[in-house]
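1. here is my input, please return the structure:
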Amino acid sequence: MATPLRVLIHGGGIGGLTLATALARCGHRVRVAELRGELDALGVGIIQPSNALHVMREIGVLDACLTAGFGWDTLTICDPVGNTLAKIPQPRMDEAPASLGIPRPALAAVLGAAATAAGAELTFGTTVTELADDGDGVDVTLADGSTGRWDLVVGFDGIGSPLRKRLYGGRFAPEYTGFANWRVTVPRQPEVQGVLMSTGDRTAKALLTPITEELMYLGAVFAEAEDFRPDPERAHEQLAERLAAFGGPVAEALTEVTDPAAVVYSRISQVTVEEPWHVGRVVLAGDAAHASTPHLAQGAAMAVEDALVLARSLEEEENVPAALAAWEARRRPRAMWVQNLSRAVLKQETGTPTTPEEDELLKIGIPGAAHVLVQPY
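-> So this is what the prediction gives:
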């Protein structure tokens, strides 16, 4: 649409900053409202697969990402003691690496700088307190006392999305899968030139992911009780106990884990908003609408795809309601395919019974999924 829009983005994470950059570069007025007090990022590192790197190219930050991270083209599968079982080449989109590991704070800095340079306004320490959509626009009051009228409000506010609760109540709360992620940054071993995945019994998996020339992160997935939380004084020891059966590079990485405060623990949950992702002129995207398990490494990629396609839909359609309908028609099938296959892979790896529909999805496998997802979105 020709008229510049006023867009409020609730959430300054990867998806929100990508959307802010894409919209501001097209001349729209964009404000990002982020609850945290500064532009940082929780966690350790993140994988940007080829489709995410394509989005980074489209918003002009690919080179900055490549400089800050570590690219690779091959997935290595090992047994628990570290013997290599397979090396699987990964497909590329364009000339970028098949995947890039990057520290989360570095990616946040790249995207924040791009959004600001494009003209977006970033505000911190605030959130939506009042919201009224009259069909022609949305009147919003933020916790900092500021008010404004917006043509569109976008909730890129994560798996615990306050906007989702405002729109749908508790109907689409996160669903805990019974598994959790342990992650910690360690020095990169020279032989770790891409993701190295080592699987143990059906309750454990470990991965080493390079994120810079000097660093990688050790990630481990285990079955955990929903109310379990690591001991703040011995989280590193609890992680070592869970990985006691692993040898080779995983065991070597564990020798570097000596600080319990460095261990990041997060439960693996998913969100499925089964109703339309938008109510009037308020729309949910990324994890707020369709959070998946991490088994395809596509969570952030789906968020940045959401952002770029939404920006394009707002340019191509004649009004905001038409743009939202067109955007969801494109995004829902792909995002749900990723979510369903990711959950099926989790079940397969843990010996959990699968449905016939999941069995059909599993025929493609993780390597096949990479070839599907490298295709244009």
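2. gap between the two ends of stretch 22-40?
-> 20 Å (Cα to Cα, to the nearest Å).
3. list the buried residues in the longest helix anywhere in the chain.
-> Within the chain, and with DSSP state H defining each element, the longest helix by residue count is helix 320-350. The neighbour-count check on helix 320-350 (16 or more other Cβ atoms under 10 Å) flags 320, 323-324, 326-328, 330-331, 334-335, 337-350 as buried. Any C-beta I mention is one placed from the backbone N, CA and C, and that applies to glycine too.
4. could you do stretch 46-65 as well?
-> 46-59, 61-62, 64-65.
5. measure how buried residue 183 is and give me the count.
-> For residue 183, the neighbour count with other Cβ atoms under 10 Å is 20.
6. do residue 289 as well
-> 26.
7. in three-state terms, label it for me.
-> Of the three states, residue 289 takes helix under DSSP: H, G, I helix; E, B strand; the rest coil.
8. cool, and residue 359?
-> helix.
9. wait, isn't residue 206 in contact with residue 217?
-> No: between residue 206 and residue 217 there is no contact under Cβ atoms under 8 Å: 11.0 Å.
10. give me the more crowded residue out of these two.
-> Between residue 206 and residue 217, residue 206 has the larger neighbour count (other Cβ under 10 Å), namely 28 against 24.
11. what's the helix or strand for residue 252?
-> helix 248-254 (DSSP states H and E).
12. give me the contact list for that helix.
-> 78, 81-83, 186, 189, 191-192, 196, 198, 206, 208, 216, 218, 239-240, 243, 246 (Cβ atoms under 8 Å, 6 or more residues apart in numbering).
13. what packs against the helix or strand where residue 8 lies?
-> Using DSSP H and E, residue 8 sits within strand 6-10. The contact analysis (3 or more Cβ pairs under 8 Å, 6 or more residues apart in numbering; DSSP states H and E) places strand 6-10 against helix 14-25, strand 29-34, strand 147-150, strand 152-155.
14. state the mean pLDDT of it.
-> Mean pLDDT, strand 6-10: 98.
15. what of stretch 362-375?
-> 89.
16. what comes up buried for it?
-> 362, 366, 369-370, 373-374.
17. and the pLDDT for residue 42?
-> For residue 42, the predicted pLDDT is 65.
18. please apply the same query to residue 59.
-> 98.
19. I'd like to know which elements the helix or strand immediately after the helix holding residue 252 in the chain is packed against.
-> Counting by DSSP H and E, the element after helix 248-254 in chain order, helix or strand, is strand 264-270. Secondary-structure packing of strand 264-270 (3+ Cβ pairs under 8 Å, 6+ apart): strand 175-187, helix 320-350.
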